[in-house]
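In: Sequence plus the predicted model coming up.
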Amino acid sequence: MHYWLIKTEPSTFSFIDLKNAKNRTTCWEGVRNYQARNFLRSMNIGDRAFFYHSVAQPTAIIGIVEVVKMAYPDHTQFDPSSKYYDQKSNPDAPRWFMPDFRYLAEFSLPVTLEELKKIPGLEKMELLRKGSRLSVQPVTSAEWEIILNFRQVSD
DNA sequence: GCCAACGTTGGC
DNA sequence: GCCAACGTTGGC
């Protein structure tokens, strides 16, 4: 099993939206960065990810999701009315892929970016690297454990 | 292949 | 709203 962190702007899709979704499950459309795409494609069923709110007050990890469906072509790339439309993508060789994620747990309180910066052992975490903007990023098992030990989660 | 111009992300 | 740090595009 591998661990990840996925970012979303809550004004676009929030953790509450996920909890309100059918089966508490959502596809992860709209990623249009190759490095992030490659991470999405390497996810396996059962992998877990921190659900992070960016451009939010506060910016924070809110909860945990699990991969319930491996990456498949993101339909929005072929939809001219979608803001994620990609004119250059070919249905015979799709560019963009998305897995499905399902709600797993929620932190008793969000783990804020400010807090994360102060937690020993997270100094090398991708999220905290200066200039980092990857919206899908790997998390080491050590980093995962440190954050879970920092704050309680509940179903 | 280089790199300037441009667009985007995302913290503050 | 600002702007640093990236990623992408496209002329050459």
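Out: Thanks, I have the structure now.
In: where along chain A do the helices fall?
Out: Assigned by DSSP state H, chain A shows helices spanning A:15-20, A:34-41, A:113-116, A:141-150.
In: Out of those, the one nearest A:Ala105 is which?
Out: When the helices of chain A are compared by C-beta to C-beta, helix A:141-150 sits nearest A:Ala105, at 9.4 Å. Quick note: C-beta positions are derived from backbone N, CA and C, even for glycine.
In: how about chain A, which residue sits the furthest from its center?
Out: In chain A, the residue that sits farthest from the middle, by C-alpha atoms, centre = their mean, is A:Asp92; the gap is 26.7 Å.
In: Look up how far A:Thr76 lies from it.
Out: 17 Å (C-beta to C-beta, to the nearest Å).
In: my guess is A:Leu128 contacts A:Lys118, does it?
Out: No: shown here, A:Leu128 and A:Lys118 do not form a contact pair, counting by C-beta atoms under 8 Å, at 10.3 Å.
In: and these two? which has more neighbours close in?
Out: Neighbours per residue (other C-beta atoms under 10 Å) separate A:Leu128 from A:Lys118, with A:Leu128 holding more: 14 against 9.
In: what residues are up against that one?
Out: Neighbouring residues of A:Leu128 by C-beta atoms under 8 Å, 6 or more residues apart in numbering: A:Leu116, A:Lys117, A:Leu122.
In: nearest spatial neighbour of the first one, skipping sequence neighbours?
Out: Nearest in space to A:Leu116, with sequence neighbours left out and distances taken as C-beta to C-beta, 6 or more residues apart in numbering, is A:Leu122 at 5.8 Å.
In: How about the top strand by length along chain A and DNA strand B, any contact?
Out: Scanning chain A for the longest strand, with DSSP state E as the assignment, gives strand A:97-112. No: if you take C-beta under 7 Å from any atom of the strand as the test, strand A:97-112 misses DNA strand B, and the best it gets is 8.7 Å.
In: All set, thanks.
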